[in-house]
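>>> For reference, the sequence and a predicted model appear below.
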Amino acid sequence: MQTRFDLTQADIPKAWYNLLPDFPEPLPPPLHPGTRQPIPPEALLAIFPENLVQQEMSPERYIEVPNPVRDIYALWRPTPLLRAVRFEQALQTPAHIYYKYEGASPAGSHKVNTSVAQAYFNKVAGTKRLATETGAGQWGASLALATKLFGLECNIYMVKVSYQQKPYRRMLMHTWGATVHPSPSDQTDYGRKLLAEDPHCVGSLGIAISEAIEDTVKHPDTKYSLGSVLNHVCLHQTVIGEETIKQMEMAGEEPDAIFGCCGGGSNFAGLTFPFLRRKIKEGKKYRIVGVEPSACPSLTKGELRYDFGDTAETTPLLMMYTLGHTFMPPAIHAGGLRYHGMSPMVSHALKLGLIEAQAYHQTKVFEVATQFARTEGIVPAPESAHAIAAVADAAIQAREVGRKQVLVFNLSGHGLLDLSAYETYLTGKLQDV
Ligand SMILES: Cc1ncc(COP(=O)(O)O)c(C=O)c1O
């Protein structure tokens with residue numbers, strides 16, 4: 001029985017898919033925090049290059065993937081699609097479970113799909129140095145690699161608690177030549193202010209974003225780079241879904257339900273937006289499910305309203321499901337899902353009823369992740385394991401009603417640098433917060 005569906009290098013997508021023009025209702029625009037009017041594109045040029053601002057607001061359905069980006073994608077793309085037959089057997093389910101494996105990238109997650117694109121477009125625009133933030137380090141590592149490949153400098157603000165507790169991704173960033181600061185840091189006015197108030201502040205993604213933006217506006221030839229949330233980041237991730245559509249055709253099956261974990265929303269968007277295109281334009285009946293941690297439940301418990309993307313209130317206001325920009329998420333092990341807001345496009349899709357959302361506690365997530373590792377071999381990233389928890393529940397439901405279901409999820413990263421979290425679970429010390 002064929003359980004692995006591989007494409008060739010020639011199948012690496014030649015265009016990214018932009019969901020924006022296909023929404024049945026227009027997406028509410030980002031607002032200037034002072035005037036509360038839609039922000040003009042020029043206002044974003046202080047922190048982003050013009051080519052990426054154009055992508056952020058583009059009405060075009062498809063945007064070409066430049067050849068230098070495709071050439072680097074070829075280091076790991078197309079990624080495989082696998083059928084998890086041993087996991088199905090363990091769950092005793094009639095469901096067929098497929099997963100797209102983005103952990104096959106050099107940095108170990110989907111994040112390089114956009115870091116490579118962003119580094120390329122910045123290089124073309126004359127940027128010399130990029131500033132960014134990172135939580136557990138998946139994004140920082142991905143940008144460190146991409147900037148090195150295109151000859152740019154990279155300056156990263158890493159949430160202090162992760163900087164101290166997750167040394168391996170920091171080492172990966174150093175290996176790829178980036179500079180990494182624990183955030184809050186002494187590098188910015190905002191960081192120094194927070195450290196003066198509380199020298200032991202452990203930081204948050206919202207604070208690190210504020211520091212990276214301040215760094216950008218205060219340094220010449222520097223632009224800011226974000227690893228999720230924004231339209232152009234979701235756009236770059238759609239290579240995942242475009243490949244998956246072809247691979248499901250190879251498998252001869254049509255999904256009933258499609259799952260992705262949600263931090264800022266980009267990995268979920270990457271897998272599901274090309275399927276949403278089919279849902280909107282071809283009337284397909286897919287269930288599309290975003291899965292988030294119960295400890296940081298922006299989609300399931302947040303409010304849909306305009307909010308800042310960072311703690312210091314320096315970003316434009318975005319219409320999104322949010323827990324409030326001062327929300328300090330508890331220190332769960334899925335560090336990449338600890339963000340107060342959600343991509344405006346993913347939020348809009350939820351508001352329009354095109355997708356659904358579910359939340360899981362981390363003990364359940366690690367229980368299913370361990371079962372997956374023991375049947376399929378791959379140790380999932382704690383973030384990705386949220387999607388597996390929801391898939392396992394859907395597969396058990398299929399068993400209970402005795403109906404075959406085709407379930408597809410994105411295994412957005414491997415967990416080989418998260419083994420201390422697994423040890424905490426395996427020794428019975430993991431708790432829900
Ligand atoms: C492996 C992995 N999956 C998923 C995510 C969630 O991010 P996003 O929702 O932006 O895709 C992260 C974030 O760091 C991650 O590292």
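Structure received. Numbers count the residues shown, from 1 in each chain.

>>> Let me know how buried the residue of the stretch 201-350 of the chain found nearest the ligand is, in neighbour terms.
Across the stretch 201-350 of the chain, no residue is closer to the ligand than residue 336, which sits at 2.3 Å (C-beta to the nearest ligand atom). For every residue, glycine as well, the C-beta is placed using N, CA and C. By other C-beta atoms under 10 Å, 27 other residues sit near residue 336.

>>> does it really touch residue 263, like I thought?
Yes - contact criterion C-beta atoms under 8 Å: residue 336 and residue 263 qualify, at 4.8 Å.

>>> what do the two both touch?
residue 383 (C-beta atoms under 8 Å, 6 or more residues apart in numbering).

>>> distance between stretch 419-431 and the chain's centre?
Computed by C-alpha atoms, centre = their mean, to the nearest Å, the chain-centroid distance of stretch 419-431 equals 24 Å.

>>> Show me which residues of that stretch are buried.
Residues of stretch 419-431 classed as buried: 421-422, 425, 430 (neighbour count, 16 or more other C-beta atoms under 10 Å).

>>> where in the stretch 251-400 of the chain is pLDDT low?
The stretch 251-400 of the chain contains no residues with pLDDT under 70.

>>> What are the phi and psi values at residue 358?
Main-chain torsions, residue 358, degrees, to the nearest 10: phi -140, psi 160.

>>> who's in contact with it?
289-292, 300, 390.

>>> Roughly how far does it sit from residue 160?
31 Å (C-beta to C-beta, to the nearest Å).

>>> Also residue 264?
In terms of C-beta to C-beta, residue 264 sits 20 Å off from residue 160.

>>> is the closest residue to residue 28 other than its chain neighbours in a bridge, and if so with what?
Counting by C-beta to C-beta, 6 or more residues apart in numbering, residue 319 is the residue found nearest to residue 28 once chain neighbours are left out, at 3.9 Å. For residue 319, the beta-bridge partners under DSSP bridges are residue 306.

>>> is it true that residue 319 touches residue 308?
No - between residue 319 and residue 308 there is no contact under C-beta under 8 Å: 11.9 Å.

>>> So which of those two has more stuff around it?
The residue with more neighbours, out of residue 319 and residue 308, is residue 308; 22 against 18, by other C-beta under 10 Å.

>>> could you list every residue that touches that one?
33, 314-315, 317-318, 325.

>>> From those residues, which land in strands?
Among the contacts of residue 308, DSSP state E puts 317-318 in strands.

>>> Let's test this: what are the backbone torsions at the residue of the stretch 201-350 of the chain closest to the ligand?
According to degrees, to the nearest 10, residue 336 has phi -70, psi -10.

>>> Who are the contact partners of it?
135-136, 138-139, 263, 381, 383.

>>> Can you give me the neighbour number for residue 403?
Neighbour number of residue 403 under other C-beta under 10 Å is 11.

>>> do the same with residue 374
Quick note: residue 374 (other C-beta under 10 Å) scores 12 neighbours.

>>> how would you label it: helix, strand or coil?
Look at residue 374: counting by DSSP: H, G, I helix; E, B strand; the rest coil, its state is helix.

>>> Output the contacting helices and strands for the one helix or strand residue 72 maps to.
Using DSSP states H and E, residue 72 maps to helix 67-73. Counting contacts by 3 or more C-beta pairs under 8 Å, 6 or more residues apart in numbering; DSSP states H and E, helix 67-73 packs against helix 112-124.
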